[in-house]
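Asks: Pasting the sequence and the predicted model now:
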Amino acid sequence: MPEKKRKEEKKGEQKPEFDLGFGKVSLGGIFKNLGGMMELISKVAESGETVVKTGEIKGLDREVKGVYGFSIKTMAGKPIIESFGNIRETPKGPVVEEAREPLVDVFDEKDHIRIIAEMPGVGKDDIKIDVKKDKLEIKASSGERKYVKHIDLPAHVDPDTLAASYKNGVMEIKLKKAA
C-alpha cells in the first residue's frame, strides 16, 4: 500500500526535460537517448554540414540554470560530436555546474593549432588561458557568466607563441607547434 502512494505522489511531479529537436528528453536521459542523435549524425555525414542543437531545460529550481547542447560535424567523412553547456554526467547522475563549457573547435593546421571558442557575455580581460605542452585550459568569468574548458591538443605546442583575439563573443587562439 505505501508503495502505491509513493508512485501517485511522483506522478504529479514535473521532471526536468527539454527538446533537442528529436523528442523530449529528461535530465537523466540526456546521456542515454542516442537514437535520435545517431540519425542526426547520419544526416550530417551524408551532407558534410555542421549541426548545432541546444535545449532549454524545464522543471528545475528557479536558481538552477542548465544549458546543454552539442555540435556534430564531419571531418574526413567521420562524424565528430562536441558537447557544450553546464550539465555534466557523474557516477551519481547528471549535475548542473556553475560554469558552462563553451562550444570549441580545434583545427590542426600545418605549423600551428587554431582554437575557436564561443563565450558570449564576457570581456577579453575576463578570459584566462593556460597552456602546457598539449593541454589548454580556458577560463572566463563576468557576473553570472562563467566558462571553463579543458582541451587536449592534437600536438605539443610552444606556449610562448600564444596569440589570441576576442570579438563578439568569439575567442580565437593560435599556437605554433613545438619543434
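Replies: Nice, thanks for sending it over. Numbers count the residues shown, from 1 in each chain.
Asks: I'd say residue 101 and residue 83 touch.
Replies: Yes. At 7.1 Å, residue 101 and residue 83 qualify as touching, with contact defined as CB atoms under 8 Å. Every residue, glycine included, has its C-beta placed from N, CA and C.
Asks: quick one, which of the two is more surrounded?
Replies: With neighbours defined as other CB atoms under 10 Å, residue 101 and residue 83 compare such that residue 101 has more, 22 against 15.
Asks: give me every residue that touches the more buried one.
Replies: 83-86, 147-149 (CB atoms under 8 Å, 6 or more residues apart in numbering).
Asks: same thing with residue 154?
Replies: 106, 108, 113, 134.
Asks: Run through the bridge partners of the closest residue to residue 155 other than its chain neighbours.
Replies: Nearest residue to residue 155 in three dimensions, chain neighbours excluded: residue 177, at 5.0 Å (CB to CB, 6 or more residues apart in numbering). Under the criterion DSSP bridges, residue 177 forms beta bridges with residue 157.
Asks: Could you do residue 148 as well?
Replies: Assigned bridge partners for residue 148, using DSSP bridges, are residue 139.
Asks: Next, the buried residues of the longest strand seen in the chain.
Replies: Longest strand in the chain, counting residues (DSSP state E): strand 78-90. In terms of neighbour count (16 or more other CB atoms under 10 Å), strand 78-90 has its buried residues at 79, 82, 84-87.
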